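Asks: Prediction below, plus the sequence it came from.
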Amino acid sequence: MAESVTALLQAAREGDTRAFDALYETIYEELRRLAHRVRSGRGDVTLSTTGLVHEAYLHLIPSKDLNWQDRTHFFRVAARAMRQVLVREARRRKALKRGGGVLTVTFDDRVHAAVDEDDLLMLDEALSRLEALDTRQARVVECRFFGGLTIEETAEALGVGTATVKRDWRVARAYLVRALAS
């Protein structure tokens, strides 16, 4: 499957929209699995797993800037798209003052936690500040928290070793816990 995904990515990069659609069909179930892991334990019903996948897809539609190298790079970009979708949804919900929708945020190895919309927005701001300090650590958080990737999958997506991911994850969690506490 990795070779076919890479071939479809290459064709999509060259402007073949049918290749992008075929790519989406090929990886749809894997994207659903990632979205399900991201959403697990979260009580909001306004954005389902399927909705998250479809919204992320809109962020992934080919453009002139499309430059995915391979399958793992694509999933790293998909994790970032899911982050953007979740943050946009939290902002929308907050603007409507609906309340409810708790997303749990505990930065443990299981990656799942509970945070309401305000906390998700604070997390996004803290993650943006972390990105200014250390881009790779921010990418690790995106892959692990928003993309639901394992340590090994994150290492592959970022092209680093698992020890580096573990270290970055540990440091990033500590930074974010401090940033969210203040």
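Replies: It's in. Numbering: from 1, shown residues only.

Asks: Might you calculate how far stretch 168-179 sits from the centre of the chain?
Replies: Remark: stretch 168-179 is offset 17 Å from the chain centroid, using CA atoms, centre = their mean, to the nearest Å.

Asks: pLDDT on it, on average?
Replies: What stretch 168-179 shows for mean pLDDT is 91.

Asks: For it, buried residues please.
Replies: 168-169, 172-173, 175-176 (16 or more other CB atoms under 10 Å). Where C-beta positions appear, they are placed from N, C-alpha and C, glycine not excepted.

Asks: need the contact list for Tyr57.
Replies: Tyr57 is in contact with 24, 31, counting by CB atoms under 8 Å, 6 or more residues apart in numbering.

Asks: Recalculate using a threshold of 7 Å.
Replies: Tyr24 (CB atoms under 7 Å, 6 or more residues apart in numbering).

Asks: Roughly how far does it sit from Thr50?
Replies: Distance of Tyr57 to Thr50, given as CB to CB, to the nearest Å: 11 Å.

Asks: cool, and Tyr24?
Replies: From Tyr24 to Thr50 the distance is 13 Å (CB to CB).

Asks: higher neighbour count, these two?
Replies: Tyr24 (17 against 13; other CB atoms under 10 Å).

Asks: what about the more buried one, which SS state?
Replies: The assignment at Tyr24 comes out as helix when based on DSSP: H, G, I helix; E, B strand; the rest coil.
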